[in-house]
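Trainee: structure for this input, please:
(2 chains)
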Amino acid sequence: MTMTRIAAAMVGIGLLASPTMVRAEEITIGFTAALSGDFAAFGLNMRKGLDLAVEALNKKGGNTYKIDAVDDRGEAREGVLIAQRFCSDKNVDVVMGYSFSSIALAAVPVFNECKLPVLASAVTSPALSNVSPYFRRNVLTDAVQGAMMGDYAAKTLGLKQIYVLNQQDDYGIGVAKAFSEAAEKDGAKIVGSESYLLGSKDFRTLLTKVRAAKPDAIFIGGFYTEAAKIAEQARALGIKAQFLSTDGALNVELMKLGRSAVEGMIVYGMFDPAVATPATESFLTTYKATFKEDPSAWAALGYDAGMALGAAVELAAKDGPVTRESLNTAFGKLKDVPGVTGPTTFDASGDRAGALYFLEVKDGKFGLAPKQP
Amino acid sequence: MDYLGQLLANGLVLGAIYALAAVAFTLVYGVVRLVNFAFGELFMLGAFLTASLMLPEVRLLGMIVPMPGFSLPVAALGAIVLTGALGVLVDRIAYRPLRNAPRLAPLITSIAVSVVLQSLAQTIWGAEELRFPEFHLATLPPVVLFDSIYLSVMDLVVMATALAAMLGLSAFIARSSLGRAMRASAEDQMAATLVGIPVNRVVAAAFAIGSGFAALAGLLYAQTYGFAHSNMGFLPGLKALTAAVLGGIGSIPGAALGGLILGLVEALGAGYLPNGTAWKDAISFVLLVGLLYLRPQGLLGKPELNSAGRGSLLGGASEFGAAWLRAGFAKVDGLLAKSAAAGPRAALVLLALAVLVGLLVPSDYWLRILTMVVIYGMLASGLNVIVGFAGLLDLGFVAFWAVGSYLTSILFVLVLKDQFGVAPADIWWLLYLNLPLAGLLAAGFAVILGTPTLRLRGDYLAIMTLGFGEIVRVVAINWMDLTNGPMGIRGIPAPNLFGIALGSPRAQFFFALALAVLVVFAIARLVRSYVGRAWVAIREDEEAAEAMGVPTARYKLYAYAASGFVGGFVGVFYAHSQQYISPLNFSLFENILLLMLVVLGGLGTFVGPFVGALIWIVFLQLALDLPFVQAYPETRFALLGVVLIVLMVFRPQGLAASARVALTMPGARPGALPGARAGRAKEAA
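Mentor: As a prediction, this is how the structure comes out:
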């Protein structure tokens, strides 16, 4: 095991050192996310998207791509180990994935050490902005997204009494804080806020509290699994308030789990499955044909991350062999790479600028909400 | 009023489900004295099977499979029968061979079974939640009491079912001949066997009924909250266990009462405390700890269950183990016994080997893995002090580790860097101060936590310490001003010595190795002292130790303190080597993991924890490269679970059991004293 790695490393170094042989043929993507355990769904979705992107890139010819997938199981202790695994494996040119900001944060110092570029797709913590010159992500931070939603709720929808619920982790806390601040600035009143632990199933008590506050809207800063349950249990308790949620809830599973209860819920996201541009169209049909299900936002982001990598590799290959360093530089130079979640450009902080769609659940499908800002 | 009324209604529904699952724990515990952690997973399977049987088609292993589409009652019956059969099968494979093994072995296999079942469920049904199918009663409009208390028709069905099932079971136990046989086996298995009761069959029946109850609870839970998911059993399983202990484990009315109380307390606590929902898991554990302190046997339990000395955790390993030895183990045993006899020489050889490995391994990745092995080995050694030497089953050890990690992180990052703007590099020496400081803090903490547990024995003790561990974790998540909550603390500096950065994987490995030498040496000295002899006396027979004049309470607290010290001490280094910590690092699973490492390697040995850590961590990393695992990531843990079960069934006393420190007859092995240090070298296994 170790021997093969050493051998592989030697070959890698040898190839790098020899000027005549350009090692641009095969790009290895180290992919890590929670692929098993409690929160595997996000990681598996990202991977499906990335798989499609890799397939498309390989079909295009030129450089070939392959994925080395490692499961972090959502366990923090794995973060450093996996990062080191990719660092030590000289074949790995770029790392993608990451389901949890906390695991990405633990891994960043290691990637800094070995100068391996990372392009993450599902981690939204503001703590990851400016964290390293080698870390980038193609998803907006929860601070930015939450604030946009807060504006939208108070200004565009004109909601006055909002109850804020959030899952008790960096994502939920960040997005709820940004949402509340923006909504209050625009004149809405936050009538109460509560947090719940990720993976909670029983929200009746929480909602009994919410019901007593008589809000006209409930903001759920969390994932679709909990959002669906909150919606369903709220309706069963006779709560009629408007539901608002986040990109964490933008997932076709939301309607499968919440059924009629999530009708009318408004969420936001960088991906609108209803908007049929030519790029999204082909992604949608291929995805459905391959996986027999509708793509989620994470799959879309995983796909776009793959496409951004393709563009970066092309860019880097122009100036010689593709190395970790040249790839990292190329990521910084990317400009408006087209994708299903809109164009990708990374700014110096490693974040991506982008637009948000506000979507409403209507007849069991996400559609553009009637009121847009 | 309507607020309280709604809370009570919510609590009753939840309580009914907890009570049903608690029956499973209580029934099996009553008969075989085993806390079967796998009931949480049987609970989950009950939900999945019911949902699948109700659907016209379901996606299994990624393929669409046609299903009968039964209505809820038929599907539920089918699921209960299937799960009951599975429960019997699990007992046959994983528990029955261990009936006479050391008591911790079946506990570990039950956790392993639970890991296997959960991973399999995820492989079969997928990682997404499965929507629970619509049932016509569930579509009826809710019943509204007093204009403001909403209860769905299914809520009423859930409560009625729970009540009926519980009454039925009580009648069955009281009246039927099988029920009588169960009661007899619960009283005294040996006597029951002597009067001709087929105990194995009775135990199988208890597993079947218990699993059926778990499945029933699971499917009602899934129906109520509308989904089935592979991890859905873990927390309700824990709550049901809590409920069973609250009510008095072994008592069926107790389980019902415990479930009800737990459901109500959770609902009311979450409803009336500020941000109660985030704290509610802590509420139920605080209740548990408080009750166990006042009434160790639970509300309706028999006091004997707690006070009856049930022998040591390691009891008679050699006696029963012989039957399971295989030639390979015999060789390992010989080697271990020889090395233990060789004493300091063997220890030095192992240390030299570890240093050599540290120098020669070229890959940073493998150095990181080995560092992790040493860290987990040290932590497991700390746990081993209390479990392996003092014989107190502690499931809250992870709290001491967290104390150490948080102390150093808060000081370095949140206080000195963020408040005073001190660069971590300028105060590198603080790390070396923090090591003993965190150790002392955690030791103090351990004594405070240990005091209320002094009256408890065996599994009750385990549950109470588990409660403490969970409370600490929930506090770490929710007390954001202190710990930065789930966001964790980042930017913890890597170790540094006189300005020389020790951040490289190789430097960290040697740093960890040096700490391990200290830890193992200290533990070895302690264990060889009069304190250690007192611990072993308590472990072997608490009553006898007490009768011989050993002040057991004081020595138990020493054990807590020593184990806490190691936890805090290692926690400091852990934080600096990870450079980022969050409450995610200190979950209950980590504690169970450490316990598994100790049991796997061998309780009461110095080398055992490191052997266990080596096997576990290296296995997980190697398994990553199997193509099959790459395609189906969740099978990695299933594989691990299977390996654990096999190891436990064939080697219940642990791999390195022959290196157990012989303290039961002082002076029997002169010169074995510093053999203790053998623990450090990881490559030994």
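
Trainee: can you list the residues of the stretch 1-150 of chain B near chain A?
Mentor: B:3, B:6-7, B:10-11, B:13-14, B:119, B:122, B:127-129, B:131, B:142, B:144, B:150 (CB under 8 Å from any CB of the partner chain). C-beta coordinates here come from the backbone N, C-alpha and C atoms, glycine included.

Trainee: per-domain residue ranges of chain B.
Mentor: B:2-307, B:317-684 (automatic domain parsing).

Trainee: any idea which of those scores lowest on pLDDT?
Mentor: Lowest mean pLDDT within those: domain B:317-684, a mean of 81.

Trainee: B:L194 - how many residues pack around it?
Mentor: 9 (other CB atoms under 10 Å in any protein chain shown).

Trainee: likewise for the one 4 residues further on?
Mentor: The burial metric for B:P198, expressed as a neighbour count using other CB under 10 Å, is 13.

Trainee: which residues touch the nearest residue to it once chain neighbours are set aside?
Mentor: Of all residues not flanking B:P198 in the chain, B:A181 sits nearest, at 7.9 Å (CB to CB, 6 or more residues apart in numbering or on different chains). B:A181 sits next to B:192, B:197-198, B:202 when contact means CB atoms under 8 Å, 6 or more residues apart in numbering or on different chains.

Trainee: which of the helices or strands spans B:A181?
Mentor: Per DSSP states H and E: B:A181 is located in helix B:177-187.

Trainee: and the next element down the chain from that helix?
Mentor: helix B:189-194.

Trainee: who does the following helix or strand past that following helix touch, helix- and strand-wise?
Mentor: With elements assigned by DSSP H and E, the helix or strand that comes after helix B:189-194 is helix B:199-225. Identification of packing neighbours for helix B:199-225 by 3 or more CB pairs under 8 Å, 6 or more residues apart in numbering or on different chains; DSSP states H and E yields helix B:2-32, helix B:39-54, helix B:72-90, helix B:153-175, helix B:177-187, helix B:189-194, helix B:234-247.

Trainee: now the angle from helix B:199-225 to helix B:153-175?
Mentor: Orientation check (axes from the mean of the first three to the mean of the last three CA atoms, to 10 degrees): helix B:199-225 against helix B:153-175 gives 170 degrees.

Trainee: can you name the residues that contact the most centrally placed residue in chain A?
Mentor: For chain A, the residue sitting closest to the mean C-alpha position, by CA atoms, centre = their mean, is A:A122 at 2.3 Å. When the contact criterion is CB under 8 Å, 6+ apart, the partners of A:A122 are A:33, A:42-43, A:46, A:97-99, A:139, A:298, A:301.

Trainee: among the residues you listed, who's most crowded?
Mentor: A:A33 (34 neighbours).

Trainee: coming back round to it: of the contacts of A:A122, which is the nearest to B:A476?
Mentor: A:S99 (20.9 Å; CB to CB).

Trainee: can you tell me the SS state at that closest one?
Mentor: Following DSSP: H, G, I helix; E, B strand; the rest coil, A:S99 is assigned to coil.

Trainee: right, and it touches A:F39 too?
Mentor: Yes - here A:S99 reaches A:F39: they are 6.3 Å apart, a contact under CB atoms under 8 Å.

Trainee: where do the contact lists of the two overlap?
Mentor: Common neighbours of A:S99 and A:F39 are listed as A:G74 (criterion: CB under 8 Å, 6+ apart).

Trainee: distance from the host helix or strand of A:S180 to the middle of the chain?
Mentor: Using DSSP H and E, the element containing A:S180 is helix A:170-185. Offset of helix A:170-185 from its chain centre (CA atoms, centre = their mean, to the nearest Å): 18 Å.

Trainee: the strands in the stretch 401-550 of chain B, which residues?
Mentor: In the stretch 401-550 of chain B, the strands defined using DSSP state E, counting those that start in this stretch lie at B:489-490, B:496-497, B:500-501.

Trainee: how many neighbouring residues does the residue of the stretch 1-150 of chain B found nearest chain A have?
Mentor: The minimum distance from the stretch 1-150 of chain B to chain A, using CB to the nearest CB, falls at B:A127 (3.6 Å). Look at B:A127: counted by other CB under 10 Å, it has 23 neighbours.

Trainee: ok, now which ones touch it?
Mentor: B:A127 touches A:36, A:40-41, A:44, B:230, B:634, counting by CB under 8 Å, 6+ apart.

Trainee: assign it to helix, strand or coil.
Mentor: Secondary structure, three-state DSSP: B:A127 is coil.

Trainee: that one and A:P295, how far apart?
Mentor: Between B:A127 and A:P295 the distance, using CB to CB, to the nearest Å, works out to 15 Å.

Trainee: in contact with B:A337, which residues?
Mentor: The contact partners of B:A337, taken as CB under 8 Å, 6+ apart, are B:658-659.

Trainee: in which helix or strand would I find it?
Mentor: Going by DSSP H and E, B:A337 is in helix B:327-342.

Trainee: could you point out which element follows that helix?
Mentor: helix B:344-360.

Trainee: ok, that following helix near chain A or not?
Mentor: No - Helix B:344-360 lies apart from chain A when judged by CB under 8 Å from any CB; the minimum separation is 10.2 Å.

Trainee: wait, a strand at the residue nearest to the centre of chain A?
Mentor: No - going by three-state DSSP, the assignment for A:A122 is coil, not a strand.

Trainee: check it and give its pLDDT.
Mentor: 83.

Trainee: residues near B:Y29, how many?
Mentor: 24.

Trainee: from B:G247, how far off is it?
Mentor: B:Y29 is 12 Å from B:G247, where distance means CB to CB.

Trainee: B:L518 too?
Mentor: 45 Å.

Trainee: and the two? Which one has more around it.
Mentor: B:G247 (29 against 15).

Trainee: quick check: B:Q189 touching B:V199?
Mentor: Yes - B:Q189 lies in contact with B:V199 (CB under 8 Å); the separation is 5.6 Å.

Trainee: not counting its neighbours along the chain, what's nearest A:S88?
Mentor: Take A:S88 and drop its neighbours on the chain: the residue closest to it by CB to CB, 6+ apart is B:Y365, 3.7 Å away.

Trainee: which elements pack onto the helix or strand encompassing the one you found?
Mentor: B:Y365 is part of helix B:364-384 when elements are defined by DSSP H and E. Secondary-structure packing of helix B:364-384 (3+ CB pairs under 8 Å, 6+ apart): helix A:76-88, helix B:344-360, helix B:398-409, helix B:505-528, helix B:552-578, helix B:588-601, helix B:608-623.

Trainee: list the buried residues of the fifth one.
Mentor: Neighbour-count burial for helix B:552-578 flags B:552, B:555-578 (criterion: 16 or more other CB atoms under 10 Å in any protein chain shown).

Trainee: what residues are up against A:A279?
Mentor: Shown in contact with A:A279 (CB under 8 Å, 6+ apart): A:338-340.

Trainee: B:N36 now?
Mentor: B:24-25, B:28-29, B:95, B:110, B:207, B:210.
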